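1. Quick one: sequence and predicted model below, then my questions.
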Amino acid sequence: MHDTLLASVLRWGSPTGVTQQDSNVQRLWNVTYYIAIPLGAIVIGLIVWCAVRYRVRPDEDHIPRQVQYHIPLEVFYTIVPIALVAVLFVYTYQAENKEDSVSPSPALVVRVDAFQWGWRFTYPNGYEVIGSVATEPNINSTSLPILTLPAGETVQINLYSDDVNHSFYVPAFLFKRDAIQGINNSFDFNIDPSVAGQRFVGECTQFCGTYHPYMRFWLQVMARNSFSTWLSQHHGLNTTVSEG
Ligand SMILES: [Cu+2]
């Protein structure tokens, strides 16, 4: 899921997400993109046209006609940008509402606590995964905590912080949410069954102190059935990983 710099430059539009929720963000991004392209072309085109059409010519000995105002033009360049911003505002508002809507009856609720410096994932049956770092962990080592989630059903995350502001970010899900002390931020994921078995990188994206850059985790997606077996096998257990 990690693009090289060249691949990111060459890719057209938003990266594809892997949850039902992120399709809203993806669509919003693409619509903004498609509006921006013709707009940029018009602006650059007008600049070039003015520079060429009204350049000073050697045989010219007079100043062009001077006007104090041009009402139709001024009305045009006031109304068009306002209309564009209004459309994008409404579209963004709708996309965010869809992205943020949470199910009243999720299939699974996982509590995620962010702390200096690590993560704690708590499942309804008491299973807890705690991962903390005090030095740079190897991204492939077992020192990173793993958030295991099922695909194909509604998973609700209740996000909290033990101390300062952190941010829960899974780039492949096109999703990020702040973890703030005293506030419960809830969100849903419906992960596409096609990515069952895949593992995604998660990280904290709010600068939260010395070991902030190492505050990473894995998000492991499991098929629905294997997930319930896996979860029952971990009933009441603890997995603690730490490095440094
Ligand atoms: Cu953090």
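-> All right, it came through fine.
2. Who are the packing partners of the lowest-mean-pLDDT helix or strand in the chain?
-> When the helices and strands of the chain are scored by mean pLDDT, DSSP states H and E, helix 5-10 comes last with a mean of 74. Here helix 5-10 touches no other helix or strand, going by 3 or more CB pairs under 8 Å, 6 or more residues apart in numbering; DSSP states H and E. C-betas here are computed from N, CA, C, even on glycine.
3. Relative to the whole chain's centre, how far out is that helix?
-> Counting by CA atoms, centre = their mean, to the nearest Å, helix 5-10 is centred 18 Å from the centre of its parent chain.
4. now stretch 92-111
-> 14 Å.
5. Pull out the buried positions in that stretch.
-> 95, 99, 106, 108, 110-111 (16 or more other CB atoms under 10 Å).
6. returning to what we had before: send the alpha carbons of the least confident helix or strand of the chain over as PDB?
-> The C-alpha trace of helix 5-10 is given here as PDB (Å, rounded to 0.1, in the frame of the first residue of the first chain):
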ATOM      1  CA  LEU A   5       7.300   9.000  -4.800                       C
ATOM      2  CA  LEU A   6       7.100   8.400  -8.600                       C
ATOM      3  CA  ALA A   7       4.000   6.300  -8.300                       C
ATOM      4  CA  SER A   8       2.300   9.000  -6.200                       C
ATOM      5  CA  VAL A   9       3.100  11.600  -8.700                       C
ATOM      6  CA  LEU A  10       1.800   9.500 -11.600                       C
END
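7. Output the contacting helices and strands for whichever helix or strand comes after it.
-> Next helix or strand after helix 5-10 toward the C-terminus (DSSP states H and E): helix 22-53. Counting contacts by 3+ CB pairs under 8 Å, 6+ apart, helix 22-53 packs against helix 71-100.
8. Report the buried residues of the helix it packs on.
-> Buried residues in helix 71-100, counting neighbours by 16+ other CB under 10 Å, are found at 95, 99.
9. quick one: that helix to helix 22-53, angle?
-> Taking axes from the mean of the first three to the mean of the last three CA atoms, to 10 degrees, one finds that helix 71-100 is oriented at 160 degrees with respect to helix 22-53.
10. Need the residues that contact the least confident helix or strand of the chain.
-> By CB atoms under 8 Å, 6 or more residues apart in numbering, no surrounding residue is in contact with helix 5-10.
11. Any regions of the chain where pLDDT drops low?
-> Within the chain, the ranges that satisfy pLDDT under 70 run 1-3, 8, 134-142, 243-244.
12. how about the residues of it near the ion?
-> Counting by CB under 5 Å from the ion, the residues of the chain close to the ion are 166, 204, 208, 215.
13. Out of those residues, which sit inside strands?
-> Among the residues of the chain next to the ion, the members found in strands (DSSP state E) are 166, 204.
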